[in-house]
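*Asks:* test case, fold it:
(chains A and B)
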There are 2 protein chains.
Amino acid sequence: MRTSIATVSLSGSLTEKLTAASRAGFDGVEIFENDLLASPLTPEEIRARCADLGLTVDLYQPMRDIEAVPEEEFARNLRRARHKFELMRRLGADTVLVCSSVHPLAVDDDALAAEHLSRLADLAQDFGVRVAYEALAWGRNISTYDHAWHVVETAGHPALGTCLDSFHILSRGSDPKGIEDIPGEKIFFLQLADAPLLAMDVLQWSRHYRCFPGQGGFDVAGLVRHVLRTGYDGPLSLEVFNDVFRQAEAGPTAVDAHRSLLVLQERVGLADLPAPVVPTGVAFAELVTPDAEPVAEVLGALAFTRAARHHGKPVDLWQQGEARILVNTGTAVRRGDGTGLAAIGLESPDPAGAARRAEALLAPVLPRRRAERDAPLDAVAAPDGTELFFCATDRPGLPDWRADFEDTGQRAEGTGVTRIDHLALVQPWHHFDEATLFHRGVLGLSAQESVDVADPYGLLRSRAVTGDDGGVRIALSVGAAPADDTVHAQHIALATPDVVAAARRFRAAGGPLLPMPANYYDDLAARFEFADGELETYRELGILYDRDAHGEFRHCYTRTVGRVFFELVQRDGGYRGYGAANAPVRLAAQHAVRRLTGG
Amino acid sequence: MRTSIATVSLSGSLTEKLTAASRAGFDGVEIFENDLLASPLTPEEIRARCADLGLTVDLYQPMRDIEAVPEEEFARNLRRARHKFELMRRLGADTVLVCSSVHPLAVDDDALAAEHLSRLADLAQDFGVRVAYEALAWGRNISTYDHAWHVVETAGHPALGTCLDSFHILSRGSDPKGIEDIPGEKIFFLQLADAPLLAMDVLQWSRHYRCFPGQGGFDVAGLVRHVLRTGYDGPLSLEVFNDVFRQAEAGPTAVDAHRSLLVLQERVGLADLPAPVVPTGVAFAELVTPDAEPVAEVLGALAFTRAARHHGKPVDLWQQGEARILVNTGTAVRRGDGTGLAAIGLESPDPAGAARRAEALLAPVLPRRRAERDAPLDAVAAPDGTELFFCATDRPGLPDWRADFEDTGQRAEGTGVTRIDHLALVQPWHHFDEATLFHRGVLGLSAQESVDVADPYGLLRSRAVTGDDGGVRIALSVGAAPADDTVHAQHIALATPDVVAAARRFRAAGGPLLPMPANYYDDLAARFEFADGELETYRELGILYDRDAHGEFRHCYTRTVGRVFFELVQRDGGYRGYGAANAPVRLAAQHAVRRLTGG
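*Replies:* So this is what the prediction gives:
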């Protein structure tokens, strides 16, 4: 189906919005009145610009407070409408959105509303315009889609139909099944928006917190299925008012938006995308660094072994158990100057298929980093710039990504670390919802609930995305403010069956553990009962403790190197979380170290 | 009365919080458990630090989910409580906050709740601790203050009293009058917070949107009056969870917080502050600039005359009607390098009194900029750094601030501008609520409702503060994100009885007017009926139009010089606003100019 987006959903000037919508692959736009008013382009110039960009103008919006008002008010409305219909002719837009009235003098009289809308449609028809009437969730007298349809049906005018908006329908808890009672040709337009499930005033909710389908809590796909059963064949159009998207760069937001519609179309059976290939594990994490020494010291102290080296590039493969960390000192330091987590190798049952899906869902495909002898590696960029490689380790019938590495002859001796437990990535402030949708829609991971974490200098939000079997766990987090994404480091959490032994060995090898405050352990003593000496051991090593309904979690942290630190984690009995309850203490400890070292 | 603040209300490490609270003048603190846990200081060290800073530890908080739970759970709670009471002894805190249970197994049984609390109080008494029991607005079974008091009364234990929290009481719409039925000595603690009136889930409202008294919509003073009638003589303590304050520098937030309590105490008759001296007009606006030429060009084109010059400093006084603008090319460029609005002269019936009040309300008093021959000028700094001078112009019995200026002999000939209509100041992102409280509490201005303004790159918030008679109008605004305060310029709006004539004259003198898009005028034509040619004149000059229930508003803008621009405004028939409906178009036009000029 054709896809469209309301210009109000994107940031910037009208021309920036149009360009972003076109580049992201939309077929059309809804032009929001204020965007047009503020534009230096004439309606004819906007029309030409849209045509050049391959965009149709699917809707002009909105006209407000039209119907069921006193007659002299309605006469003024018709006068205003005539101006707007003339404008729409110049703009090349043939459908106008009319929202149900919130005028203080609007009366609760369906017959009058139908008569007024019918007279408006008469006028519209003269200009070749169709009127799409929509119930605002906070409309004064008409606030449900079935009520709006009843009025449209009563009017019985060929140039009058209804507009359905998933936010207005689902935010009121209306049952969307009744949509199927509307003839498809009378649904003139379909606007889609999702939203987090918030208990708040619906007007504020609508104006500030809408998001793209798949990013909130509404069953938008379910609603679309009902609409499709009516025979509706107009565009799927996004209309999202969101304080964050208003500030974010229009280009990435438009890509995020179009990706949401692709995933939605797949869910309702309208799009035939390459099937998701859920990664089964983490093949490697890759650090880039201008100076391998500090990283090598920490990895050495963690009992990793420099097991192999890339045959053509300055990349070392450090290994312990199934945990593999690449250290890249090549010139392409992609994330600023310091040491950072630049890439993740995702163990994939079908690397090429995974890459095809990612590409179909608008992920930038990276040029394969391949020299003559290199194995092909499929890679895309995540919204935060992290490179994701789809690869195979020791899998029959698939090329092994380690083919490009030559053994150093050093055998991995460490046994404390078995695998990468999870990776924690800091997201750019404006793109947290996009990151979740990306990991869910493109990679096929499942998203957990978002949690607030109190950093001493502001609240963070954090949300884990995981594979079905816990083979892949990625914790996405975002700072309290746009500038914050440099404050908080990414990290690599390493699974160990015995965190005490692993921490002791690390410290004995000269590795710097993050010290934790004594008060934290006094509190643990108040909350839990421990075996003799257990708490003292944790206190000595800076090990944190958490428990959930399934099991226990013990974890500790290394000091930060550049923008990265490591965590040693011991999960027992099926503990499912990430120690979020301990995160405020850990963050405060990291700030304290930073203050001391000026780092 | 003694004043206190919960450490959770401030940003940073515990020591940063304590230092900020002490410097702002608080007598004590509530220590929030997480702040203590994350601190590297021992309880004894924290106690000593507080003593050094002149702070008492008034409350330790919170203990949760204590009462009306299954017996084995309660036994664990007592065990935990013993640890916490030991900690409190080390900390020197004698009152603990216990919030009503939200435990899923808590039963609705007041007798059991009373018994549990009584047993807890028994234990507390052994450690010299008092238990203050508070109803959370979302408590599972006990959620109102009178219910909590009923349980405390039932328990009848000397070490058990109640804690009142204005948020929990007022957010539920409870009538605070019943507080007077509680004996003052059984009110162990009083926590104060205000909040904007939002229709949303009370838990989210409480955790993210609380603010200091006087910054929200609750009648906190009214509640405090009821509490005082009981004979309560404990501290007035602020407990504010606020996402913005969590990020803001602790120092200014603590000052803002303490100022809110001073104003509150004045309102309830507990503090005898110097009375407010409401400014009656704007004596001058002062621009600082490294280069007077561009400013002089604009002022000249606006028909201002360089009427006088400071006898000892490089400051020119430009005048037209009662509008006076100082242009200061001295080295003390206080707001960055460019041209900026640095100071406002407020016409005051009692300059010294105004300064005394400002000082009593913690406004930084500025050193008088005075040479031997200078008239004394009382000045303080507003939260955004703008200097506010309290001064008199042509007022018998008061020194005239113009005494330091020498006439140039050039007579003001312009008659287009009569006075400064309003000043628009951009506030630092974290300090918007503080700015409102400052202008209201310190200057005695009235605050209008806050409005959202759609900038192409994010929503702005704007709020006007005004004197009783419109003599002083200041529009405070804040950007959508922390980095935003440099994007939006401040401006000086000049009143004229004929904006068309003033704009024509400005343009004829070579002054650059901000061009407005043609589409805006097409929309005006759709919305209003104008006399023949009127709209064409507006279109030609870039004049914007608005109307309210009282009258009409016509206004236009100059191009920006540095960080400042000018507005010409014509108010007719008692129009009360600032043309907010036109602000999105104006902002888009300014962004367009900036893109063109790279400015």
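*Asks:* tell me which stretches of the stretch 201-350 of chain A form strands.
*Replies:* Ranges of strands in the stretch 201-350 of chain A, per DSSP state E, counting those that start in this stretch, are A:236-238, A:281-288, A:305-310, A:315-320, A:323-328, A:340-347.
*Asks:* now for the second one, which elements pack on it?
*Replies:* Strand A:281-288 is packed against strand A:323-328, strand A:340-347, strand A:387-391, strand A:419-426, with contacts defined by 3 or more C-beta pairs under 8 Å, 6 or more residues apart in numbering or on different chains; DSSP states H and E. C-beta here means a position set from N, CA and C on the backbone, and glycine is covered the same way.
*Asks:* one more time with 10 Å, if that's ok
*Replies:* helix A:292-301, strand A:315-320, strand A:323-328, strand A:340-347, strand A:387-391, strand A:419-426, strand A:490-495, strand A:564-572 (3 or more C-beta pairs under 10 Å, 6 or more residues apart in numbering or on different chains; DSSP states H and E).
*Asks:* now these as TSV including mean pLDDT and mean neighbour count?
*Replies:* Output for the helices and strands packed on strand A:281-288, formatted as TSV (pLDDT from 0 to 100; neighbours: other C-beta atoms under 10 Å in any protein chain shown):
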stretch	mean pLDDT	mean neighbour count
helix A:292-301	95	18
strand A:315-320	96	23
strand A:323-328	96	23
strand A:340-347	95	23
strand A:387-391	95	24
strand A:419-426	96	21
strand A:490-495	96	23
strand A:564-572	97	22
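*Asks:* chain B is nearest to which of those?
*Replies:* Relative to chain B, the nearest member of the helices and strands packed on strand A:281-288 by C-beta to the nearest C-beta is strand A:419-426, separated by 16.2 Å.
*Asks:* for residue A:114, what are phi and psi?
*Replies:* With angles defined as degrees, to the nearest 10, residue A:114 sits at phi -60, psi -40.
*Asks:* leaving out sequence neighbours, find the closest residue to residue A:139.
*Replies:* Nearest non-adjacent residue to residue A:139, counting by C-beta to C-beta, 6 or more residues apart in numbering or on different chains: residue A:100, 3.4 Å away.
*Asks:* could you measure from the one you found over to residue A:141?
*Replies:* Note on residue A:100: its distance to residue A:141, by C-beta to C-beta, to the nearest Å, is 7 Å.
*Asks:* what do the two both touch?
*Replies:* Common contacts of residue A:100 and residue A:141 (C-beta atoms under 10 Å, 6 or more residues apart in numbering or on different chains): A:67, A:68, A:106, A:113, A:135, A:147, A:151.
*Asks:* how many residues are close by the closest residue to residue A:434 other than its chain neighbours?
*Replies:* Nearest residue to residue A:434, sequence neighbours excluded (C-beta to C-beta, 6+ apart): residue A:256, at 4.0 Å. Neighbour count of residue A:256, defined by other C-beta atoms under 10 Å in any protein chain shown: 24.
*Asks:* for residue A:413, same thing?
*Replies:* 9.
*Asks:* what of residue A:464?
*Replies:* Residues lying near residue A:464 (other C-beta under 10 Å) number 24.
*Asks:* quickly list what it is bridged to.
*Replies:* residue A:475 (DSSP bridges).
*Asks:* how close does it get to chain B?
*Replies:* 21 Å (C-beta to the nearest C-beta, to the nearest Å).
*Asks:* touching, residue A:242 and residue A:208? I think so.
*Replies:* Yes: with contacts counted by C-beta atoms under 10 Å, residue A:242 reaches residue A:208, the gap being 7.0 Å.
*Asks:* and for those two, which residues touch both?
*Replies:* Common neighbours of residue A:242 and residue A:208 (C-beta under 10 Å, 6+ apart) are residue A:195.
*Asks:* looking at the two, which is more packed in?
*Replies:* residue A:242 (21 against 17).
*Asks:* backbone torsions only: list them for the residue nearest to the more buried one when sequence neighbours are not counted.
*Replies:* Using C-beta to C-beta, 6+ apart and skipping the chain neighbours, the partner closest in space to residue A:242 is residue A:210 (5.4 Å). Phi and psi for residue A:210, reported as degrees, to the nearest 10, are phi -60, psi 160.
*Asks:* and if you look at residue A:31?
*Replies:* phi -100, psi 120.
*Asks:* and it, how far from chain B?
*Replies:* For residue A:31 relative to chain B (C-beta to the nearest C-beta), the value is 11 Å.
*Asks:* equivalent analysis for residue A:109, please.
*Replies:* Taken as C-beta to the nearest C-beta, the span from residue A:109 to chain B is 25 Å.
*Asks:* which ones are touching the closest residue to that residue other than its chain neighbours?
*Replies:* Nearest residue to residue A:109, sequence neighbours excluded (C-beta to C-beta, 6+ apart): residue A:68, at 5.7 Å. Residues counted as contacts of residue A:68 (C-beta under 10 Å, 6+ apart) are A:74, A:100-101, A:103, A:105-117, A:140-142, A:151.
*Asks:* for the nearest residue to residue A:195 once chain neighbours are set aside, phi and psi?
*Replies:* Leaving aside its chain neighbours, residue A:195 sits nearest to residue A:216 (4.4 Å; criterion: C-beta to C-beta, 6+ apart). Per-residue torsions, residue A:216: phi -120, psi -150 (degrees, to the nearest 10).
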